[in-house]
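Undergrad: my questions are about this predicted structure, shown below with the sequence.
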Amino acid sequence: MNEEIWQISNPVIGLVVVAATFLLFYVVGYLSNRKQSSVRDLYVAGGQVGALTNGLAMSSTYMSLATFLGITALILNLQMPLIILWIQLILAIPLITIIYGTSLRRMGVISPTHFIRERYGVRACIIAAVFMIIISIMYALGQMIGVAVAFETLLGVPYIWGLFVGGIIIVGYITIGGMTGATNNAAIQMVIIALMFIVPLGAIMKALGGAGWFFPPLFYSDMVPAMLESFPTFFDYQYPSKWFFALIPALTIGALGLPHLAMRVYTASSLKSARSAMVWYAFITGLVFSATYAMGFVGVYATETQGLVVSAGDADKLTMILNIVYNPEWVAALVIAGAIAAGVSTLSGNLLAIGALLSEDIITTLRPTLTQKGKVRLGYVAIFLGGIASILLAVNPPSFLVVSIFWAFGLAGVTIAPLVILGVWWKEANRYGAIAASVIGGIVYILLSPFVVPSLVLTDHHVTNEMGISGAMFAVPLSFIIMIVVSYVTNRMPKFKSRLTTDRDHALVERIHGWKDVQSYRYNSKIGPAVAVVVCFVVAVWALIPWNM
């Protein structure tokens, strides 16, 4: 089979489906936007979103086109051990909710950077906001690449046309809708994503002779013997134990610093609602993640046992290719619409985060007299500009669309997560430690990227390096060490201590945990941070030892 088949022969079908879904998204966004009159409405939907809607929106925001297209490409080309990876990824929202989401919501802030500003001051906030904008743009980059690939397959146009046409349509929709529109639409998009991924997958499995086609996420076991006969090493883990451990700092801790995920916690109508939304998120995300692995398995099965040929350059199109080959064309059109919905949903979160960071955490911090109306207008401009930036970066994309997304996870784990985690749970954390950890850790992580100084990378496996996995294993523990040590030392140096608002910071930590009084022994351990420094040092040294890949 040649590459000409990897587009729909009758694009009118696809255009009608995509146009109908976008019309729905625009209407929902417009109706939602009519009620937005404040910054809180724009970025956290007034904090009035119900549990089920928020759970669907959380899952939809997190799924992204990495789930629909990028991960299946990794399974096809690299046999990535994604069962382990899913465990790390699915922990994101629960850990955010448990570790700091509840505390920050009690504090009344609408983003992690708001907490950083209150806890560490304006300078730390601006530094964190700059890194968060980079993180959000890199995350959005992967979505734009996927959107371009989807439109390329749908319309049979060159990648660059798919990028600009699809990208501008989506950026316009997000700019119109704000967080209320994005949340309501994300819930709708999650239903579309699940149906347009799982149901067509069942049809593909049935066409390939799989008896478990009626529940694709798990019941593909009868296809395993034929797979092993043609591809005996498919289920073998070809990576050292260090690779699996590295997923914790790269993805689990990294997810704790992703602004567009944290914002979903603040949209909940109550703390109880946020916890209930977390349960819905885990269930829905687990279901679709399992189906993603099954889709990757089926793709490899088709290439190994059915003679399907998918070139390395088309790996990101695997989900769409399988539907073009084994399902009617109208089903393939629905799948492409589902893929675009996945990209739209995550881009909404990314661009809203960029808008909040630029307008609320940088411009408003520098110009505190800006009016409420001015802040909202500035937010819309920032959202639009963030979208345009991600489109331009996607003109020359990396090998896999998932690369930029996972790299963003690592940068978040280095520059944001230590500040929030230690700031919530350790009173001794101070502005000097926060600034040093964010700046030094962030620079080290960026330098370890093969895109900057290739000679500094920690492993010869290019995808591991590009996704930031090896760099994060060193830079994340380094960042925690720097923050703990610098905070501890400067708290005991009169020159620095006199400039700190220690009593205020301690009262803030007590308050966000629900205490009405202040006790010096609470959240002020010396043993815990000391153990953390030792553990982080061991991990950082381990990261420097050759990876044998």
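TA: Great, that's in hand. Numbering: from 1, shown residues only.

Undergrad: can you name the residues that contact Thr303?
TA: With contact taken as C-beta atoms under 8 Å, 6 or more residues apart in numbering, Thr303 is in contact with 76, 309-310. C-beta here means a position set from N, CA and C on the backbone, and glycine is covered the same way.

Undergrad: ok, now Leu91?
TA: Leu91 sits next to 252, 255 when contact means C-beta under 8 Å, 6+ apart.

Undergrad: burial of the residue nearest to Phe234 when sequence neighbours are not counted, as a residue count?
TA: Spatially, and ignoring its direct neighbours in sequence, Phe234 is nearest to Met227 (5.8 Å; C-beta to C-beta, 6 or more residues apart in numbering). By other C-beta atoms under 10 Å, 18 other residues sit near Met227.

Undergrad: cool, and the one 4 residues further on?
TA: Burial of Phe231 is recorded as 16 neighbouring residues (other C-beta under 10 Å).

Undergrad: list the residues that contact it.
TA: 300, 304.

Undergrad: give me the pLDDT for it.
TA: With respect to pLDDT, Phe231 scores 88.

Undergrad: how much space separates it from Pro216?
TA: Counting by C-beta to C-beta, to the nearest Å, the gap between Phe231 and Pro216 amounts to 20 Å.

Undergrad: report pLDDT for the spatially closest residue to Met483 that is not a sequence neighbour.
TA: Spatially, and ignoring its direct neighbours in sequence, Met483 is nearest to Ala437 (3.6 Å; C-beta to C-beta, 6+ apart). Listed pLDDT for Ala437 reads 97.

Undergrad: list just the nearest of the contacts of Thr303 to Ala530.
TA: Closest approach between these and Ala530, by C-beta to C-beta: Leu76, at 45.6 Å.

Undergrad: low-confidence stretches in the stretch 351-500 of the chain?
TA: 399-400 (pLDDT under 70).

Undergrad: since we're on the closest residue to Val335 other than its chain neighbours, how many residues are nearby?
TA: Once flanking residues are discounted, Val335 sits nearest to Asn323: 4.5 Å by C-beta to C-beta, 6+ apart. Neighbouring residues of Asn323 were enumerated by other C-beta under 10 Å; the total is 28.

Undergrad: what helix or strand does Asn323 sit in?
TA: Using DSSP states H and E, Asn323 maps to helix 318-326.

Undergrad: does anything pack onto that helix? Which helices or strands?
TA: Here helix 318-326 is seen to pack against helix 71-78, helix 122-155, helix 159-207, helix 271-305, helix 329-356 when contacts are counted using 3 or more C-beta pairs under 8 Å, 6 or more residues apart in numbering; DSSP states H and E.

Undergrad: rewinding a little: please identify which helix or strand holds the residue nearest to Met483.
TA: Under the criterion of DSSP H and E, Ala437 resides in helix 431-447.

Undergrad: list the buried residues of that helix.
TA: By 16 or more other C-beta atoms under 10 Å, the buried positions in helix 431-447 come out as 431-442, 444-446.

Undergrad: for whichever helix or strand comes after that helix, which outside residues touch it?
TA: Next helix or strand after helix 431-447 toward the C-terminus (DSSP H and E): helix 462-466. With contact meaning C-beta under 8 Å, 6+ apart, helix 462-466 is reached by 74, 78, 243, 398-400, 403, 407, 448-451, 457-459, 470-471, 547, 549.

Undergrad: list only those of those flagged as buried.
TA: The buried subset of the contacts of helix 462-466 - by 16+ other C-beta under 10 Å - is 74, 78, 243, 398, 400, 403, 407, 448-450, 457-459, 470-471, 547, 549.

Undergrad: so the residue nearest to Val335 touches Gly338, yeah?
TA: No - with contact defined as C-beta atoms under 8 Å, Asn323 does not reach Gly338; the gap is 9.9 Å.

Undergrad: Phe283: neighbour count?
TA: For Phe283, the neighbour count with other C-beta under 10 Å is 11.

Undergrad: quickly note the distance from the closest residue to it other than its chain neighbours to Ser273.
TA: Leaving aside its sequence neighbours, Phe283 sits nearest to Gly55 (C-beta to C-beta, 6+ apart; 7.9 Å). Counting by C-beta to C-beta, the gap from Gly55 to Ser273 is 10 Å.

Undergrad: any idea which helix or strand of this protein has the worst average confidence?
TA: Every helix and strand in the chain was compared by mean pLDDT, DSSP states H and E; the lowest is helix 39-44, with a mean of 46.

Undergrad: so where does the most centrally placed residue in the chain fall, helix or strand?
TA: Residue closest to the average C-alpha location in the chain (C-alpha atoms, centre = their mean): Tyr62, at 5.5 Å. For Tyr62, the host element (DSSP H and E) is helix 51-65.

Undergrad: that helix vs helix 159-207, what angle?
TA: Here the directions of helix 51-65 and helix 159-207 differ by 110 degrees (axes from the mean of the first three to the mean of the last three C-alpha atoms, to 10 degrees).
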